[in-house]
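>>> next come a sequence and a model predicted from it.
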Amino acid sequence: MVVVRSAVDYLHGMDAAEQGLDWGFCKQALQRYSRTFAVPISLLPIRLERLVTCAYLLCRVADTIEDHADWPRATRERLYREFLDMLDGGSTDDFLQAVRQAGGVPEEAELLAGIERVMRVFREVPQGLRQICTDWIGELTRGMAIYSQRRPGDDGVHCLLSEADL
C-alpha cells in the first residue's frame, strides 16, 4: 500500500521561494519540451502533476542523451551511467559534470542545466511513488543505452532487429 502524504508534508523542507522557482522551472520546461503532454499533465491534481511532470522531464533527459549526435558512444554510456546513478539517489553534480565534459549544445541544454531543480521537486515526491517512476525511467534508460551501442545498418539507419528486440 502506498501512503500519500499531505501537500504540506510533501513540500516540507523547502522554503516557498525555492519551491516556486524549482516548480516554475519544471512547468516551463514541460511546456517547452512537450506541446503534446503539457496541457493534460497540467490538469492533474497538483501532487500527481508534479510527479508526472518530473518523470516526463527525466525521460526527456534520457532521450537527449540518446539523440545528441555529437556525443560518441563512450560519452553517451558515461552519461547514461551518471543519469542512472542520479536517479538512484546520487549527486546531480556528477551528472552535470559529465554533461559539461561531453560538450556540445543539445536542443535540451537548458533542461540538462536545470536538472538539479527537476530532481529537487522529484525528490519531494513520496518515496513509494518516486520509486515507481525511477524503476520505469531506469528501464527506459537502460534500453536506450543498449540501443545506442548499435551500429547503423548498410542504409545508415539504427533499427530494432526483431519483435523480441522491441
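Cool, got the structure.

>>> drop to CA atoms for contacts and neighbour counts, all remaining ones
OK.

>>> how about low-confidence regions in the protein?
Applying pLDDT under 70 to the chain picks out residues 1-19, 150, 152, 156-160, 165-166.

>>> can you tell me the helix or strand for the residue positioned nearest the centre of it?
By CA atoms, centre = their mean, the chain has its centre lying nearest to Leu58, at 1.0 Å. For Leu58, the enclosing helix or strand under DSSP states H and E is helix 46-67.

>>> can I get the helix or strand that that helix is followed by as PDB, trimmed to CA atoms?
Toward the C-terminus, helix 46-67 is succeeded by helix 73-87 as the next helix or strand (DSSP H and E). Extracted as PDB, the C-alpha positions of helix 73-87 are listed here (Å, rounded to 0.1, in the frame of the first residue of the first chain):
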ATOM      1  CA  ARG A  73      29.100   6.100 -27.800                       C
ATOM      2  CA  ALA A  74      31.500   6.200 -24.900                       C
ATOM      3  CA  THR A  75      30.300   9.600 -23.800                       C
ATOM      4  CA  ARG A  76      26.700   8.500 -24.000                       C
ATOM      5  CA  GLU A  77      27.500   5.400 -22.000                       C
ATOM      6  CA  ARG A  78      29.000   7.600 -19.200                       C
ATOM      7  CA  LEU A  79      26.100  10.000 -19.300                       C
ATOM      8  CA  TYR A  80      23.600   7.100 -19.000                       C
ATOM      9  CA  ARG A  81      25.500   5.700 -16.000                       C
ATOM     10  CA  GLU A  82      25.700   9.100 -14.300                       C
ATOM     11  CA  PHE A  83      22.000   9.700 -15.000                       C
ATOM     12  CA  LEU A  84      21.000   6.300 -13.600                       C
ATOM     13  CA  ASP A  85      23.200   6.900 -10.500                       C
ATOM     14  CA  MET A  86      21.500  10.300 -10.000                       C
ATOM     15  CA  LEU A  87      18.100   8.600 -10.200                       C
END
